[in-house]
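Undergrad: pasting the sequence and the predicted coordinates here, then a few questions.
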Amino acid sequence: MDPPPGPGLGSHWDPLGRGFQVAMATSIPKHLDARGSTFLRGGISRDKKGNGRTSSKTNGARCRKKNPITRACGIVGVYTRGGAAAPELYEALLMLQHRGQDSAGMVTQGDGRFHEAKANGLVKDVFVRDTMEQMQGNVGIAHVRYPTAGTSSAAEAQPFFVNSPLGIFLIHNGNLTNTDELRQGLQGPDSFFNRHLRTTSDSEVLLNVLADEIHRANAICRISDSCQVLGNELNLVFDGIQATMNKAKGAYSAICMVQGVGLVAFRDRHGIRPLVLGKRESKDGMEYAVASEDCAFGPLGYSRVRDIQPGEAIIITPQGELQSRQLVEGKLSPCLFEYIYLSRPDTVINDISVYAMQLNLGRRLARRIKEKIDAKEWEVDIVVPVPDGSRPAAIEVHSQLGLPYREGLVKNRYVGRTFIMPNQKMRELSVRRKLNAMSGVFMGKNVLLIDDSIVRGTTMQQIVDMCRAAGANKVYLASAAPAVRFPNVYGVDMPSRKELIAGNLSEEEVCDALGADGLLYQTVEDLIAAGQDENPSIQEFDASCFNGCYVTGDVTPEYLQELEGGDRGSSRSGFGKRIQNLVAAASADED
């Protein structure tokens with residue numbers, strides 16, 4: 001983002017945010033001047049296909065009321081001592097591909113230049129050999145993302161860039177809940193510059209808030225007798241992050257590259273989305289990685305150190321020194337959906353093994369299923385998981401109840417995850433390409449299907465139909481997660497209650513809509529208890545999509561109503577209309 005012409009950082013900036021008061025005839029060091037950043041526009045290289053930062057000539061999207069939601073993306077940053085960062089970022093993104101298949105982006109730094117490539121597509125398709133040969137440097141960051149509501153444009157792909165101050169690239173996982181307020185602040189008199197935003201992404205807003213606050217910290221330093229700007233850039237970046245944390249609300253785990261300062265990572269005060277630090281010994285000293293999940297570390301030889309704490313920021317300097325500061329008071333309240341669906345089973349986040357958590361959920365679910373069987377309400381012959389995420393829970397149900405375990409649904413591993421498809425129609429078309437039911441398993445059997453969660457119900461309805469077509473006598477459903485009844489506003493693709501099959505239906509009505517013979521959900525209480533079994537130090541989890549309690553405390557009915565009226569909320573599938581009809585029928589029966 002190129003700021004509009006204006007006074008440089010040598011001007012007198014009012015700390016109260018009223019703008020420039022006096023233009024001072026001070027000689028501004030070129031690397032801190034708003035118009036003379038260390039990294040200028042010419043410093044971004046493009047690959048041979050022309051991938052790179054979107055042209056500054058593109059007209060910026062106007063601020064609109066209905067902002068898209070950033071999905072649960074995958075982010076990674078690496079610092080090596082002289083080695084090439086790009087191949088390691090590529091391998092890490094492959095390990096994080098499950099977190100987003102819409103687009104991928106990468107930026108590295110070497111020879112005093114940033115090298116960037118990003119485009120729509122899978123990691124293997126975006127970063128072809130010609131592209132990778134251009135990605136020089138020993139430090140870099142990379143990103144995979146879910147599609148945003150209303151657009152899958154490559155312009156929304158991350159990283160995002162501002163050339164002042166210093167030159168900053170940012171990648172972000174999560175969702176801000178006060179995006180409109182922040183956007184208005186950036187484009188009004190309280191901003192250091194009246195900033196031009198080119199997309200509707202909240203990640204671009206977060207980057208520009210950070211840039212604005214670093215500018216402000218720099219200006220305050222300049223008018224202070226006890227502060228020196230030169231050589232103090234690291235502290236000014238910490239100050240800028242602290243001010244950003246005090247402004248930005250919602251969920252954000254972010255990694256940045258800041259020219260002359262280093263690799264930067266920070267996490268919101270609630271720690272809703274994950275962010276993990278890793279390290280690796282080399283002959284020249286310690287090397288570091290930061291990622292959404294520590295499964296990204298294994299192939300690269302990094303070992304898990306710890307989670308970045310809520311409200312903490314770290315900086316890995318160009319010399320490889322790790323600096324850490326707790327900038328705001330934090331209270332860990334991680335999103336439970338990370339453990340149910342989003343994260344890989346070989347990941348440990350917030351000192352909880354995802355696999356161990358899923359086994360625990362299976363044990364708790366088995367107790368409730370046993371009650372159904374003992375009461376003669378269900379007659380179950382076999383347990384079948386819906387691949388892949390439900391396997392740990394299904395194995396525990398099988399083990400606890402002594403029922404045969406069968407792999408009755410064969411998965412096509414060359415089809416993407418339906419949950420992260422960009423719209424409902426594509427999800428529906430993808431299901432039958434993704435799974436096939438084996439008649440040799442289902443014929444004449446009373447089947448207990450175990451799934452990790454049931455969100456929209458599109459996939460499950462078709463799976464039930466497949467099982468019956470394969471000869472199943474009865475099909476019972478058990479979800480390792482509670483009923484998803486409320487939007488997730490913290491960066492998971494559940495922005496509208498209209499799209500949730502359990503949003504306005506009872507358990508019995510959901511069962512009818514799915515065409516099953518019985519349905520059982522995990523309880524919210526058991527879900528939270530399973531998390532606290534694995535890490536007793538966590539006092540509160542974010543279970544908002546299950547219980548409607550939003551840990552940030554700023555999610556109002558008006559905000560949720562705005563989401564309902566957005567692009568995703570108004571996008572209805574035929575199956576979604578069937579849900580609405582069921583709600584209407586249920587209401588009529590009550591009358």
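TA: Sure, I can see it. Since we're looking at a predicted model, the values are computed, not measured.

Undergrad: pretty sure Cys192 sits against Asn218.
TA: One thing to correct before we go on: residue 192 is Phe, not Cys. No. When contacts are counted by Cβ atoms under 8 Å, Phe192 is not listed as touching Asn218 (9.2 Å). Every residue, glycine included, has its C-beta placed from N, CA and C.

Undergrad: tally up the residues packed near Glu281, please.
TA: Applying other Cβ atoms under 10 Å, we find 11 residues neighbouring Glu281.

Undergrad: quick check: it is in a strand.
TA: Yes. Under DSSP: H, G, I helix; E, B strand; the rest coil, Glu281 sits within a strand.

Undergrad: gap between it and Arg81?
TA: Remark: distance between Glu281 and Arg81 (Cβ to Cβ, to the nearest Å) = 10 Å.

Undergrad: shared neighbours, these two?
TA: Glu287 (Cβ atoms under 8 Å, 6 or more residues apart in numbering).

Undergrad: nearest spatial neighbour of Asn120, chain-adjacent residues omitted?
TA: Leaving aside its sequence neighbours, Asn120 sits nearest to Ser103 (Cβ to Cβ, 6 or more residues apart in numbering; 4.7 Å).

Undergrad: Leu500 too?
TA: Val484 (5.2 Å).

Undergrad: tell me the pLDDT at that neighbour?
TA: Listed pLDDT for Val484 reads 96.

Undergrad: number of nearby residues for it?
TA: For Val484, using other Cβ under 10 Å, the count is 26.

Undergrad: quick one, what contacts it?
TA: Residues counted as contacts of Val484 (Cβ under 8 Å, 6+ apart) are 453-455, 494, 500, 502-503, 545-546.

Undergrad: helix/strand/coil for it?
TA: coil.

Undergrad: sorry, back to before: can you name the residues bridging to the residue nearest to Asn120?
TA: Following DSSP bridges, Ser103 is listed with bridge partners Asn120, Arg145.

Undergrad: swap in the one 5 residues further on?
TA: On the basis of DSSP bridges, Thr108 is bridged to His115, Gly140.

Undergrad: so it sits against Met132, correct?
TA: No. The pair Thr108 and Met132 does not pass the contact test of Cβ under 8 Å, sitting 9.9 Å apart.

Undergrad: those two - which one has more neighbours?
TA: Thr108 (27 against 18).

Undergrad: look up how far His196 lies from the more buried one.
TA: 26 Å.

Undergrad: and what of Asn436?
TA: 50 Å.

Undergrad: what of Cys335?
TA: Distance from Cys335 to His196, counting by Cβ to Cβ: 33 Å.

Undergrad: so for the two, which residue has more residues nearby?
TA: With neighbours defined as other Cβ under 10 Å, Cys335 and His196 compare such that Cys335 has more, 29 against 15.

Undergrad: by contact count, what packs against the helix or strand Ile314 falls within?
TA: In this assignment (DSSP states H and E), Ile314 forms part of strand 312-316. With contacts taken as 3 or more Cβ pairs under 8 Å, 6 or more residues apart in numbering; DSSP states H and E, strand 312-316 sits against helix 233-247, strand 262-267, strand 322-326.

Undergrad: give me the most central residue, the chain.
TA: Ala72 (2.2 Å; Cα atoms, centre = their mean).

Undergrad: contacts only, for that residue.
TA: Counting by Cβ under 8 Å, 6+ apart, Ala72 touches 99-100, 146, 173-174, 273, 337-338, 342, 491-493.

Undergrad: now pLDDT, secondary structure and distance to Phe541 too, for these, in a markdown table please.
TA: Below are the contacts of Ala72 laid out as a markdown table (pLDDT from 0 to 100; DSSP: H, G, I helix; E, B strand; the rest coil; distance: Cβ to Cβ, whole Å):
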| residue | pLDDT | secondary structure | distance to Phe541 |
| --- | --- | --- | --- |
| Arg99 | 94 | helix | 19 |
| Gly100 | 92 | coil | 23 |
| Tyr146 | 79 | coil | 22 |
| Asn173 | 96 | strand | 18 |
| Gly174 | 95 | strand | 16 |
| Arg273 | 97 | coil | 13 |
| Phe337 | 95 | helix | 10 |
| Glu338 | 96 | helix | 10 |
| Leu342 | 92 | helix | 14 |
| Gly491 | 88 | coil | 15 |
| Val492 | 86 | coil | 14 |
| Asp493 | 76 | coil | 19 |
